Structure formats: C-alpha cells, structure tokens
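> model this:
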Amino acid sequence: MRYIFITGSSKGLGKAFAELFLDQEQTKVFGISRTCSIDHENYVHHHVDLNNSDDLYNFTFPQLQNAEEVILINNAGLLNPIKKVGAFSAEALSINIQVNLIAPMVLCNTFINTYQELSAKKLIVNISSGAGKYPIDGWSAYCTSKSGLDMFSTVMQAEQNLISYVFKRVKVISISPGIIDTDMQAEIRRSNVDDFSQVNRFVDYKKSGDLQSSVQTAGKIISKLHTFYTRDEVICSLRDE
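Reported below is the predicted structural model:
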C-alpha cells in the first residue's frame, strides 16, 4: 500500500497532487490543511492550521498497515508579505516563516520520528521555489523561507545518509516547481509596483499563457517520484528535469 501525506491539499497544487494520487491503485491520501475540498473513499483529511502552533505541534502521523511506500509532500506556502523591508508588519513576517519554514520542519521531524524504523520506501518532497536561490525585491520573507527550506532539506539528507541500514533511510528532495497558475500568482499580479518592482512581468506571464496549470505541474512531479530515490542532488528544479 502507498501512503501520501500532502499539506495545503484543499486547493491549487496540493489539491492537484491529491486528486492525481487518488486516481492510482493501492494509494491512500492524507490531506493536511484548514479546509477539506475532496471526497473520496481513499482520502482522509486532517484539519490542521499550519499557522496555529497547537494544531501543528499536536499533529501525529498514523500507524500504517502493509506500507510499501510513504511520502510526505510539504506543499503549503504563503507569499505575503509582499513588502520591502521596513514596510511589513512583524505579524505578517511571523506567519510567513511559520507556514513556509517552521511547519515543514516540524512535520519532517515528526514524519522521520514516526516512520524511521519502517521498512518501506520513504520520501519527503519539499516544494521550494527559485525565489530561494536569488533575491527578489518585496519578497524577502518568501525568499528567506524557501532558502531555509532548501538548507533544511540538505541537512536532513546528510543525516539520513549516515544511517547504515539503507532501507531505514528517508530520501529528501527540495524541488522548485516553476511558475504555476494558482491563487499565489493572482496575489502577485494584484501587488503594488512600489512594493514589488517586477509585478508587470508576472502580469505578462498570465497574458502570454506562460503559466502551467496545477494539474500539469503535479503530474510532472509525480511522474518523476521514482527517480528521486536514486538521485544525489537534494535541491532541484522541475524545469531542469
């Protein structure tokens, strides 16, 4: 049996992941988000607000029966605040780092603690961003959180590589999915040029049809999951695959 855990499963890329996995046989999907928008016999929803510390800290991964593969996809993310440093609130900054970095770190920690000894294929896929690799004005919180996620993923894999028994290791990937037509992109296009100087470039992406759909992106990543177990690199981009 294959078990998939997905954060941010109620919409966008997370929902696309869930629905595509549910089309596959012998697969059970667990959604982790504030709301549920999927009704399927092999779908279990966990109502978790990743910005709520009590929700996050109290979440536990279930014991699994006949597991052949277990995958955690940390997909949930926030772009806000789209403001230059000196103009955003401490609260907005705190929420961004909580959802984009602290939440996946906590969930990865709990996942490994729960399933480290499980003799099954185990994979963590952290959805990162090219913004974690180069600076974008107005996106300091987002860029920093995704850069931190990349480093955390790299350290996790270095630790897993030290485990002598290969079948107990967890494989870790931090992947940038490219530019996707989601609510986040709409949020970018609504931003003020004074807060984000490149806003018109993202407006043009939409007008020119350069955005890929959530289903296209999820499908591409799912098709490559089997290759992640044998690759040496932790940080990668879907554009390069």
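> longest helix of this structure?
As assigned by DSSP state H, the longest helix anywhere in the chain is helix 140-160.
> next one: it to chain centre, how far?
Between the centre of helix 140-160 and the centre of its chain there are 12 Å (C-alpha atoms, centre = their mean, to the nearest Å).
> what's next to the helix or strand that comes right after that helix, contact-wise?
Following helix 140-160 in sequence order, the next helix or strand is strand 171-176 (DSSP states H and E). With C-beta atoms under 8 Å, 6 or more residues apart in numbering as the test, strand 171-176 has contacts from 108, 121-130, 132-133, 149-150, 153-154, 156-157, 160, 221, 228-229, 231, 234-239. Glycine gets a C-beta too; all of them are placed from N, C-alpha and C.
> and stretch 35-46, by the same measure?
Contacts of stretch 35-46 (C-beta under 8 Å, 6+ apart): 9-11, 15, 18-19, 22, 27-33, 47, 59.
> in strands, which of these fall?
Residues of those located in strands (DSSP state E): 27-33, 47.
> before we move on, the earlier item: the contacts of stretch 35-46: which two are farthest apart?
Distance extremes for the contacts of stretch 35-46: the farthest pair is Glu19 and Phe59 at 22.3 Å, using C-beta to C-beta.
> poorly predicted segments of the chain, please.
241 (pLDDT under 70).
> now with 90, please.
The chain contains residues with pLDDT under 90 at 166-167, 179, 181-188, 190-212, 239-241.
> centroid residue for it?
The centroid of the chain falls nearest to Asn75 when counting by C-alpha atoms, centre = their mean (2.2 Å).
> surely it meets Ser10?
No. Taking contacts as C-beta atoms under 8 Å, Asn75 lies outside contact range of Ser10: 10.7 Å.
> which neighbours do these two share?
Contacts common to Asn75 and Ser10, judged by C-beta under 8 Å, 6+ apart, are absent.
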